[in-house]
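K.L.:
Got a predicted structure plus its sequence, pasted below:
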Amino acid sequence: MATDNSTKKTYHKKATGKALETVEKHSSDHELKLFGSCFCPFVQRVWIYLELKQLDYQYIEVDPYEKPRQLLEVNPRGLVPALRHGDWGCYESTVLMEYLEDLQKGEALLPSDPKLRAHSRLWSDHINRNIVPGFYRYLQAQDENSQIEYAEEFKEQISKLVDVADDSGPFFLGEKPTFVDVQMAPWVIRLRTVLQPYRGWPEPEKGSRWAKWVEAIEQNHAVRATTSTDTLYNQSYERYAENRPNTSQVQQAINSGRGLP
């Protein structure tokens, strides 16, 4: 029997809300170009970094499923985010954040102390290895038992991160957002806009260190400037929540037990 997909939600191809305003502010040609897609959390990492550092750049919205030539010239795999700086290009969100830091422009987001830098990189790696895959495993799980199991694993990995954060906060290292906060921020946004409606993810416990961190991230000016409306994320992630075939390379990697692409 044929499946009726007429009511299925699909991913958005254009930012909305505050993110659209930021796109419009950064639409003029510039030697520093960010290729991104409005629903992609990996893109939002780099975008937040650019905004926190108050760098000049051009934002180019692309449909990663159409893979335009401009994007393929920077990343032959056609994945976003990708960055072109003059005649040089690179990709992978964490690598791009490190590159923007190494330009030594704008406010430093990795601490100068070598031990704190190592601490930041260690827990950024924890986010990439454990929290990000955990988010997708939980969201893509279709049976109740798997959802319960993956929810507990996801909460445990978040708790490990919160336990090593600065006691007072509100951010990971203290009063200001730094590298680890940016690594985590897009998924914090998607807890409320994606995991809550699709999987019943709870609000943070009032007064907890986690609640303080979540609020600080959600209210940060650079995060807000790169965040679209709730509807965009809710509709764009229905594909993951239903674990539809060929949703993305991330979805396929999670289903097969491989590392993220």
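P.N.:
Nice, I can see it. Just so we're clear, the structure is a prediction, and the values are computed from it rather than from any experiment. Residues are numbered from 1 along each chain as shown.
K.L.:
can we go C-alpha only for contacts and neighbour counts from here?
P.N.:
Noted.
K.L.:
for the stretch 51-200 of the chain, what spans make up the strands?
P.N.:
Counting by DSSP state E, counting those that start in this stretch, the stretch 51-200 of the chain has strands at residues 58-61, 82-85, 88-91.
K.L.:
what would these look like in CSV with distance to residue 258?
P.N.:
Shown next, in CSV, are the strands of the stretch 51-200 of the chain (distance: least, C-alpha to C-alpha, whole Å):
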stretch, distance to residue 258
strand 58-61, 28
strand 82-85, 22
strand 88-91, 20
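K.L.:
how about a markdown table for those, with mean neighbour count and distance to residue 232 added?
P.N.:
A markdown table is the format used below for those (neighbours: other C-alpha atoms under 10 Å; distance: least, C-alpha to C-alpha, whole Å):
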| stretch | mean neighbour count | distance to residue 232 |
| --- | --- | --- |
| strand 58-61 | 20 | 15 |
| strand 82-85 | 21 | 22 |
| strand 88-91 | 16 | 24 |
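K.L.:
could you dump those strands to CSV with distance to residue 21 and mean pLDDT?
P.N.:
Shown next, in CSV, are these (distance: least, C-alpha to C-alpha, whole Å; pLDDT from 0 to 100):
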stretch, distance to residue 21, mean pLDDT
strand 58-61, 11, 97
strand 82-85, 20, 98
strand 88-91, 24, 97
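K.L.:
Let me know which of the ones you listed is the nearest to residue 167.
P.N.:
Nearest to residue 167, of all these, is strand 88-91, at 33.7 Å by C-alpha to C-alpha.
K.L.:
Please name every helix or strand in contact with the closest one.
P.N.:
Secondary-structure packing of strand 88-91 (3 or more C-alpha pairs under 8 Å, 6 or more residues apart in numbering; DSSP states H and E): helix 69-74, strand 82-85.
K.L.:
And the shortest one, how far out from the chain middle?
P.N.:
For strand 82-85, the separation from the chain centroid amounts to 17 Å (computed by C-alpha atoms, centre = their mean, to the nearest Å).
K.L.:
The first one now?
P.N.:
Relative to the mean C-alpha coordinate of its chain, helix 69-74 is positioned 21 Å out (C-alpha atoms, centre = their mean).
K.L.:
okay, it in CSV with CA atoms only?
P.N.:
Extracted in CSV, the C-alpha atoms of helix 69-74 (Å, rounded to 0.1, in the frame of the first residue of the first chain):
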residue,chain,number,x,y,z
ARG,A,69,28.7,24.0,-6.5
GLN,A,70,29.9,26.7,-4.1
LEU,A,71,29.6,24.3,-1.2
LEU,A,72,31.2,21.4,-3.0
GLU,A,73,34.2,23.5,-3.8
VAL,A,74,34.8,23.9,0.0
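K.L.:
mind listing what's buried in it?
P.N.:
For helix 69-74, burial by neighbour count (16 or more other C-alpha atoms under 10 Å) applies to 71, 74.
K.L.:
quick one: average pLDDT of it?
P.N.:
The average of the pLDDT scores along helix 69-74 is 94.
K.L.:
tell me what it is packed against?
P.N.:
Looks like helix 69-74 contacts strand 82-85, strand 88-91 (3+ C-alpha pairs under 8 Å, 6+ apart).
K.L.:
Tell me which residues are up against stretch 188-206.
P.N.:
139, 147, 210-211, 214, 217-218, 230-231, 233-234, 237, 241 (C-alpha atoms under 8 Å, 6 or more residues apart in numbering).
K.L.:
can you put the helices and strands packed on helix 69-74 in JSON lines and add distance to residue 115?
P.N.:
As requested, these are exported to JSON lines (distance: least, C-alpha to C-alpha, whole Å):
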{"stretch": "strand 82-85", "distance to residue 115": "29"}
{"stretch": "strand 88-91", "distance to residue 115": "27"}
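K.L.:
So, low pLDDT: which residues of this protein?
P.N.:
Residues of the chain meeting the criterion pLDDT under 70: 1-7.
K.L.:
Where does the record place the domain boundaries for it?
P.N.:
Using automatic domain parsing, the domain ranges for the chain come out as 17-102, 114-256.
K.L.:
So which of those domains is nearest residue 108?
P.N.:
domain 17-102 (6.7 Å).
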